[in-house]
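A.B. asks: need coordinates for the below:
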Amino acid sequence: MLWDRTLILQNGILKANITREELDGSGQTLEELFFSVTEGLEPEAAAEEAE
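C.D. replies: Sure thing, here's the model as predicted:
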């Protein structure tokens with residue numbers, strides 16, 4: 001395990017503070033959490049938007 005807790009910031013504002021155990025229990029991946037918090041998009045939708 002490389003991490004126990006992750007913090008996601010957007011424009012200097014803390015948007016998520018979650019432990020690995022909490023994330024595992026949520027059923028989301030770290031990538032899914034990141035995109036849902038920062039973009040409000042699922043990873044596939046974010047990839048399409050970037051193209």
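A.B. asks: how much space between the most centrally placed residue in the chain and residue 40?
C.D. replies: With distances taken as CA atoms, centre = their mean, the chain has residue 34 as the residue nearest its mean C-alpha position (1.9 Å). Distance of residue 34 to residue 40, given as CB to CB, to the nearest Å: 11 Å. Glycine gets a C-beta too; all of them are placed from N, C-alpha and C.
A.B. asks: just the pLDDT for residue 4.
C.D. replies: Per-residue confidence (pLDDT) for residue 4: 95.
A.B. asks: number of residues surrounding it?
C.D. replies: By the criterion of other CB atoms under 10 Å, residue 4 has 8 neighbours.
A.B. asks: and it, how close does it get to residue 21?
C.D. replies: Distance from residue 4 to residue 21, by CB to CB: 8 Å.
A.B. asks: one more: residue 11?
C.D. replies: Distance from residue 11 to residue 21, by CB to CB: 28 Å.
A.B. asks: the more surrounded of the two?
C.D. replies: Neighbours per residue (other CB under 10 Å) separate residue 11 from residue 21, with residue 21 holding more: 10 against 6.
A.B. asks: great, nothing more from me.
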